[in-house]
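Participant: Curious how this folds, go ahead:
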Amino acid sequence: TQFAMFATTLLRSNGLRGVLTGVPSKLPVPLLRQALHSAPLLRESRDAKGDASADTFHLVHIKASLNNTIVSVTDNTGNQINWSSSGCNGFKGARRSSAYAAQITGQSAAKVALEKGIKAVRVKVKGLGQGRAPAIKGLQSGGLVILSITDVTPIPHNGCRPKKARRL
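Facilitator: Presented below is the predicted three-dimensional model:
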């Protein structure tokens with residue numbers, strides 16, 4: 001990613017090798033954090049209206065559960081800029097979990113993000129609901145440029161015992 005490349009070049013210019021690969025560095029951790037957060041790529045700047053500038057990247061988190069789809073737009077530090085859900089867009093009951101509702105949710109989140117000055121985003125998708133792909137489609141049709149799509153659905157590596165199977 002851009003951040004990894006930038007962090008690697010920053011560390012190499014300071015004579016620190018292998019910090020990203022787990023080898024301990026000579027620089028104390030607070031100073032390393034300060035150096036990374038003062039980087040031009042990570043610094044957040046806004047103009048007088050509060051619109052985001054081009055040197056920050058933004059994330060879209062899509063949570064597609066079995067009952068609802070929630071789309072959140074955040075900046076690179078995790079501060080939420082806007083959000084939208086199927087329930088907020090007028091869908092009630094079983095229609096909330098439909099693919100159409102997820103697409104409308106993505107479009108409404110993209111519309112507000114474009115008004116705030118966000119043009120390109122990285123997408124993180126979580127959950128197993130029907131709204132995974134349609135929400136991404138809605139973001140694209142809403143006018144956002146999608147740079148990457150990452151699946152961050154939590155998967156247990158033989159953790160807790162699962163609930164008993166539903167009988168229909």
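Participant: can you give me the strands in the protein?
Facilitator: Under the criterion DSSP state E, the chain carries strands at the ranges 58-64, 69-74, 80-85, 120-126, 145-151.
Participant: can you count the residues close to residue 67?
Facilitator: Using other C-beta atoms under 10 Å, residue 67 has 11 neighbouring residues. The C-beta positions use only the backbone N, C-alpha and C, and glycine is treated the same way.
Participant: okay but it is in contact with residue 97, surely?
Facilitator: Yes - in this structure, residue 67 is within contact of residue 97 by C-beta atoms under 8 Å, at 5.3 Å.
Participant: got any residues that touch both of these two?
Facilitator: Shared contacts of residue 67 and residue 97 (C-beta atoms under 8 Å, 6 or more residues apart in numbering): residue 129.
Participant: The helix ranked longest in the chain versus strand 80-85: what angle between them?
Facilitator: Of all segments of type helix in the chain, defined using DSSP state H, the longest is helix 99-115. Interaxial angle of helix 99-115 relative to strand 80-85 (axes from the mean of the first three to the mean of the last three C-alpha atoms, to 10 degrees): 160 degrees.
Participant: buried ones in helix 99-115?
Facilitator: If you call a residue buried by 16 or more other C-beta atoms under 10 Å, then helix 99-115 has these buried ones: 99, 101, 102, 103, 104, 105, 106, 107, 108, 109, 110, 113.
Participant: Residues touching it, excluding its own?
Facilitator: The contact list for helix 99-115 (C-beta under 8 Å, 6+ apart) reads 58, 60, 62, 64, 69-73, 81-86, 88-89, 91, 95, 121, 129-139, 141-144.
Participant: Check those for burial and list the buried ones.
Facilitator: Applying 16+ other C-beta under 10 Å to these flags 58, 60, 62, 64, 69-73, 81-86, 89, 91, 121, 129-132, 134-139, 142, 144 as buried.
Participant: on that earlier part again, run the angle between the longest helix of the chain and strand 69-74 for me.
Facilitator: Counting by the same axes, to 10 degrees, helix 99-115 lies at 20 degrees to strand 69-74.
Participant: For helix 99-115, the averaged confidence score.
Facilitator: Here helix 99-115 scores 95 as its mean pLDDT.
Participant: what angle separates it from strand 58-64?
Facilitator: Following the same axes, to 10 degrees, one obtains 160 degrees for the angle between helix 99-115 and strand 58-64.
Participant: Contact partners for residue 121?
Facilitator: Contacts of residue 121 by C-beta under 8 Å, 6+ apart are 57, 58, 59, 60, 73, 113, 139, 144, 145, 146, 147.
Participant: Between which two of those residues is the distance greatest?
Facilitator: Pairwise distances across the contacts of residue 121 (C-beta to C-beta) peak at 14.8 Å, for the pair 57 and 139.
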